[in-house]
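Participant: Pasting a predicted model and its sequence here:
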Amino acid sequence: MKFTIAVPTYTDKSGGHWYCHYLCHALNKIGHTATISFYEPPYRINFDWNTPLGHDPEAIVIYPEGCRGNPLNAKKIVRYLLAPEDFFKGTPIQWQPTDFKLAFSKTYAKDCDSLFYPICDLDKFIPTDKPKKFNSFYVGKGHLRQQCQPLKDCIEIMRNWPQKKEELAKILQLTNIFFTYDEMSAINVDAALCGAMPYFLTKHLPWVQDNELGKHWIYSLDSEEVTEAKENIKTLRPRIIQMRKEYPSKLAEMCIKIEAHFKNVAYN
């Protein structure tokens, strides 16, 4: 099958941006023909991946939820929710009866299939035997939902600092509690992989429950909650490795579902 993935710029600072480009690479790797088409500047790619630029008018177009319209005037559209539909607010998605609805996590939408990939760098984010020295905190997308106050006596991690993942890993390895306002950030997984305990500062968001990676965070310092999170963190790395092994076959199965969907829909 032919696919075009509508993408924002490539960056490893955003899991969603990273995954859009990786999806194209993964589709090509399992034997499909996939290209990318930017829906907003700047135009950056990962040169290590197979992500050719272009668009065949007959291709199935995959739009992430960040691209609300249909800039490629596609007939066959997959709407891939890489976040809950209402998370970023803005213009609602104009769903069409022929669209194939897909979610990155089963917690993002209840009325569609899901296709998940654990976004993290297992080579850089690893625990060490060094003693913990401080707590740290992260705002990220949390400011979209609430006012986020700086935390005293904590090191603030930002999307543009530290610049390099190796430097971020060093901070997380020395962090005892990683306070985060952003429940949906991949940095929470990075923290857990480094041996820090992610502490979610809000708990009104339903999509953090029953997610694919299990409860590897806490909402309080309750001893039972901490114990549960620590036990889940112990198995986090091997579960991620297993999920990555299974991803190509799950992607192939999803492509079969998508193909069957567009064979059965009627177009005006």
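Facilitator: That came through, no problem. All of these numbers come straight from a predicted model, not from anything done at the bench.

Participant: Could you measure from the closest residue to residue 49 other than its chain neighbours over to residue 36?
Facilitator: Ranked by C-beta to C-beta, 6 or more residues apart in numbering and with sequence neighbours excluded, the top spatial neighbour of residue 49 is residue 25, at 3.9 Å. To be clear about C-beta, it is placed using only N, CA and C from the backbone, and glycine gets the same treatment. When C-beta to C-beta, to the nearest Å is applied, the distance between residue 25 and residue 36 equals 9 Å.

Participant: now residue 189
Facilitator: Distance, residue 189 to residue 36, by C-beta to C-beta: 25 Å.

Participant: the more surrounded of these two?
Facilitator: In this comparison of residue 189 against residue 36, neighbours counted by other C-beta atoms under 10 Å, the higher total goes to residue 36 at 25 against 22.

Participant: what about the stretch 51-200 of the chain, any weak spots by pLDDT?
Facilitator: Per-residue confidence for the stretch 51-200 of the chain (pLDDT under 70) gives these ranges: 89.

Participant: Show me what the longest helix anywhere in the chain packs onto, helices and strands only.
Facilitator: With DSSP state H setting the assignment, residue counts place helix 236-264 as the longest helix in the chain. Helix 236-264 is packed against helix 15-29, strand 100-103, helix 187-193, with contacts defined by 3 or more C-beta pairs under 8 Å, 6 or more residues apart in numbering; DSSP states H and E.

Participant: what does stretch 86-94 contact?
Facilitator: By C-beta atoms under 8 Å, 6 or more residues apart in numbering, the list of residues contacting stretch 86-94 from outside reads 65, 66, 68, 69, 70, 79, 85, 141, 144, 184.

Participant: Between those, which sits nearest residue 112?
Facilitator: Residue 112 has its nearest neighbour among the contacts of stretch 86-94 in residue 79, at 8.8 Å by C-beta to C-beta.

Participant: unless I'm mixing things up, residue 151 is touching residue 138, no?
Facilitator: No - using C-beta atoms under 8 Å, residue 151 is not in contact with residue 138, being 9.9 Å away.

Participant: Between those two, point out the one with more neighbours.
Facilitator: Here residue 151 and residue 138 are compared on neighbour count by other C-beta under 10 Å; more neighbours surround residue 138, at 25 against 17.

Participant: Okay, and the beta partners of the more buried one?
Facilitator: Beta bridges link residue 138 to residue 157, residue 180 when assigned by DSSP bridges.

Participant: What distance do you get for it to residue 199?
Facilitator: Distance of residue 138 to residue 199, computed by C-beta to C-beta: 10 Å.

Participant: got any residues that touch both of those two?
Facilitator: 178, 179, 180.

Participant: Export the residues you listed as TSV, with columns for distance to residue 249 and neighbour count.
Facilitator: Output for the shared contacts of residue 138 and residue 199, formatted as TSV (distance: C-beta to C-beta, whole Å; neighbours: other C-beta atoms under 10 Å):
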residue	distance to residue 249	neighbour count
178	33	27
179	37	21
180	32	25
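
Participant: Kindly present those as TSV, with separate columns for distance to residue 216.
Facilitator: As requested, these are arranged in TSV below (distance: C-beta to C-beta, whole Å):
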residue	distance to residue 216
178	11
179	15
180	12
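
Participant: Closest one of those residues to residue 239?
Facilitator: Taking these together and measuring to residue 239 by C-beta to C-beta, the closest member is residue 178, at 19.3 Å.

Participant: quick one: contacts for that closest one?
Facilitator: The contact partners of residue 178, by C-beta under 8 Å, 6+ apart, come to 135, 136, 137, 138, 172, 188, 191, 196, 197, 198, 199.

Participant: I'd assumed it was in a strand, is it?
Facilitator: Yes - according to DSSP: H, G, I helix; E, B strand; the rest coil, the state of residue 178 is that of a strand.

Participant: roughly how far apart are it and residue 137?
Facilitator: 7 Å.

Participant: And residue 219, by the same measure?
Facilitator: For residue 219, the distance to residue 137 under the criterion C-beta to C-beta works out to 15 Å.
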